[in-house]
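Colleague: Below is the sequence, then the predicted model.
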Amino acid sequence: MNIVHLEPEEFVNQAFKTSSKITSRIYIVDGKAAVMVYLCQDKNNLYYMDRAQTTKEKQYEIDHMDFYELHAQLYRKIALDQKMREHIN
C-alpha cells in the first residue's frame with residue numbers, strides 16, 4: 001500500500017472522491033507531543049492529511065518544529081504503523 005500525504009483541501013476532495021471513511025490515529029512526534037492525524041484509504045493507497053492536530057498546550061511546540069522534520073517523522077510513523085497493521089491482518 002502506498003502512503004500519500006495531502007494538503008487539507010486535497011485530503012477532503014480525495015475522501016469524497018473515493019467515498020472513504022475518515023479515521024484518525026495518534027502518533028508521538030519529537031518525543032514531545034501526541035498528535036492526531038486524519039486518514040482515509042482506497043484499495044491501493046492510504047492518504048493522510050498533512051496537518052498534525054494536538055492540544056492547545058503542545059501546539060506551540062509543533063508549530064516551531066522544523067516543518068520537514070515533522071513531515072518526515074509523520075510519514076515514517078504512519079508507514080510503519082500501516083505496515084504492521086497489514087502484517088497482522
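Modeller: Sure, I can see it.
Colleague: who does the least confident helix or strand in the chain by mean pLDDT touch, helix- and strand-wise?
Modeller: Lowest by mean pLDDT, DSSP states H and E among the helices and strands of the chain is helix 56-63, with a mean of 89. Applying 3 or more CB pairs under 8 Å, 6 or more residues apart in numbering; DSSP states H and E, one finds that helix 56-63 contacts strand 33-41. C-beta coordinates here come from the backbone N, C-alpha and C atoms, glycine included.
Colleague: could you say what helices and strands the strand it packs on packs with?
Modeller: With contacts taken as 3+ CB pairs under 8 Å, 6+ apart, strand 33-41 sits against helix 8-18, strand 23-29, strand 45-49, helix 56-63, helix 67-88.
Colleague: then the second one to CSV, C-alphas only?
Modeller: What follows is the C-alpha trace of strand 23-29 in CSV, where atoms were taken according to Å, rounded to 0.1, in the frame of the first residue of the first chain:
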residue,chain,number,x,y,z
THR,A,23,-10.3,7.8,10.5
SER,A,24,-7.7,9.2,12.8
ARG,A,25,-4.6,7.8,14.6
ILE,A,26,-2.4,9.2,17.3
TYR,A,27,1.4,9.4,17.0
ILE,A,28,4.2,10.8,19.2
VAL,A,29,6.4,13.3,17.4
